[in-house]
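J.: can't give you the sequence, but here's the structure:
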């Protein structure tokens, strides 16, 4: 007994799941021959929306009406929610009666979302005098006479019936029919978007009746699993209390494609590509920031090093000057600090003719001071801090000795 109860429970849940998934399915039906069947149209119970039924037969789509008549679908525009069916034409070329006269013309089911649009111009033929009481154009100069004359079958079957009428039909939510009967007109033909403002036409287009459909609401549901096929939706009650698969926050119901559309990222592929590129872009940004920080740190370190070198050189030079001023050379002469102009003048602007020698760190020039004293001037190479250090480290004694030695030799 327990096993039977468990089996019954499992079977009941399976039935509910299957029923729920069928109620909320948003699968597009396969093509019918060479004709694409867009969602919402449904050609079978497992695809499309079941309220939008059409029939695929031998690779051709048909619209079945309430009075058991079927009409060939010649075109479908899912963006404008329009389809065009072909009117049945005349039953024969003798009686001037429509092929669907017995079913009283086109009669749509008012429980379904289809209705006749306002783009149809109808020509009624073999009409009764009762039509004269309506607002249709049944006068002798109506374009319906031109059609009857120029269409061979209409001329053969309906030419002997003098009264024809031209009128618009459809355009409201309760426009579900184009009626044919003896009390009105026994035959009819319809044209979509026919321009009658310029009078007689050079040629008559292909007949057609435009049918429009209402956009659907979100699929109905009973359990959360019913919304499994509709991504980014949850089963909740709408404002009328009906439970439907309502889109989550950040998504909006798209009734044409029957999906919850991402309103924050309309182009899904672009957002997906952006998501894939996000780690790469983040890595590049991180690397750029790291390089910038490294460059800043390097610049600070380099600047501090230069400042340390300058401070060291300045300290050495200051100490050298102090030692020089406080020292005497071997000849008993006190030291003296010479300006740059005096040294430049003494060496004749460091002329190459005055070069006494050169080394890795600098050059030695012969110099003649203003008082006639001949001395040697050592100049470090520009930018060579080691040369500067070597000259300073040689000290005052060595420099005084060189100056005295050069003076004795002269």
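T.: On my side now, so go ahead. Predicted model, so just to flag it, every value in this text is computed and none were measured. Numbering: from 1, shown residues only.

J.: got the residue ranges for the helices in the stretch 251-400 of the chain?
T.: Counting by DSSP state H, counting those that start in this stretch, the stretch 251-400 of the chain has helices at residues 268-326, 340-346, 385-409.

J.: Where among those helices is average confidence lowest?
T.: Looking at the helices of the stretch 251-400 of the chain, the lowest mean pLDDT belongs to helix 385-409 (a mean of 48).

J.: Ends of stretch 111-122, what's the gap?
T.: Start-to-end span of stretch 111-122 (CA to CA, to the nearest Å) is 24 Å.

J.: Show residues contacting it.
T.: With contacts defined as CB atoms under 8 Å, 6 or more residues apart in numbering, stretch 111-122 is touched by 51-53, 63, 82, 106, 108, 166-178, 188-194, 196, 208-214, 216. Using the backbone N, CA and C atoms, a C-beta is placed for each residue, glycine as well.

J.: Filter the residues you listed down to the buried ones, ChimeraX style.
T.: If you want just the buried ones from the contacts of stretch 111-122 in ChimeraX, going by 16 or more other CB atoms under 10 Å, the selection is:
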select :52,53,63,82,106,108,166,167,169,170,175,176,177,178,188,189,190,191,192,194,208,209,210,211,212,213,216
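
J.: Out of the contacts of stretch 111-122, which sit inside strands?
T.: Among the contacts of stretch 111-122, the ones falling in strands (DSSP state E) are 63, 82, 106, 166-169, 177-178, 188-192, 209-213.

J.: can you give me the strands in the stretch 51-200 of the chain?
T.: Remark: strands assigned in the stretch 51-200 of the chain by DSSP state E, counting those that start in this stretch are 55-57, 60-64, 70-77, 82-85, 106-107, 114-116, 120-127, 165-169, 177-178, 185-192.

J.: What residues sit buried inside stretch 89-103?
T.: Within stretch 89-103, the residues that count as buried by 16+ other CB under 10 Å are 90-91, 96-98, 100-101, 103.

J.: likewise stretch 31-41?
T.: Using 16+ other CB under 10 Å as the test for burial, stretch 31-41 gives 32, 35, 37-41.

J.: Go through those and name the one nearest residue 238.
T.: residue 40 (18.3 Å; CB to CB).

J.: Confidence-wise, which helix or strand of the protein is lowest on average?
T.: helix 2-23 (a mean of 42; mean pLDDT, DSSP states H and E).

J.: related to what we said a few turns ago, ok, so of the buried residues of stretch 31-41, who is nearest residue 261?
T.: residue 39 (13.7 Å).

J.: and the closest one, which of the three is it?
T.: coil (DSSP: H, G, I helix; E, B strand; the rest coil).

J.: pLDDT at the nearest residue to it once chain neighbours are set aside, what is it?
T.: Distances taken as CB to CB, 6 or more residues apart in numbering place residue 28 nearest to residue 39, at 4.5 Å, with adjacent residues excluded. The per-residue pLDDT reported for residue 28 equals 85.

J.: Adjust the sequence numbering to begin at 650 for everything that follows.
T.: Right, with 650 as the first residue, what we last looked at is residue 677.

J.: Which one, of the strands of the stretch 700-849 of the chain, ends up nearest to residue 940?
T.: Closest approach to residue 940 among the strands of the stretch 700-849 of the chain (CB to CB): strand 719-726, 55.8 Å.

J.: Touching that closest one from outside, list them.
T.: 684-687, 690, 703-704, 709-714, 731-737, 755, 855, 857-858.

J.: So residue 875: helix, strand or coil?
T.: Residue 875 - assigned by three-state DSSP - is helix.

J.: pretty sure it contacts residue 884?
T.: Yes. With contact defined as CB atoms under 8 Å, residue 875 counts as touching residue 884 (6.0 Å).

J.: Now list whatever residues contact both of the two.
T.: Residues touching both residue 875 and residue 884 (CB under 8 Å, 6+ apart): residue 894.

J.: higher neighbour count, these two?
T.: Each of residue 875 and residue 884 has its neighbours counted (other CB atoms under 10 Å); residue 875 has more, 25 against 22.

J.: now that one: how far from residue 868?
T.: Counting by CB to CB, to the nearest Å, the gap from residue 875 to residue 868 is 8 Å.

J.: For the closest residue to residue 849 other than its chain neighbours, the count of nearby residues, please.
T.: Distances taken as CB to CB, 6+ apart place residue 795 nearest to residue 849, at 5.6 Å, with adjacent residues excluded. Residue 795 has 17 neighbours, counted by other CB under 10 Å.

J.: Equivalent analysis for residue 800, please.
T.: Neighbourhood size, residue 800 [other CB under 10 Å]: 19.

J.: Report the contact partners of the nearest residue to it once chain neighbours are set aside.
T.: Closest residue in space to residue 800, ignoring its immediate chain neighbours: residue 853 at 7.1 Å, by CB to CB, 6+ apart. The contact partners of residue 853, taken as CB under 8 Å, 6+ apart, are 796, 799-800, 840.
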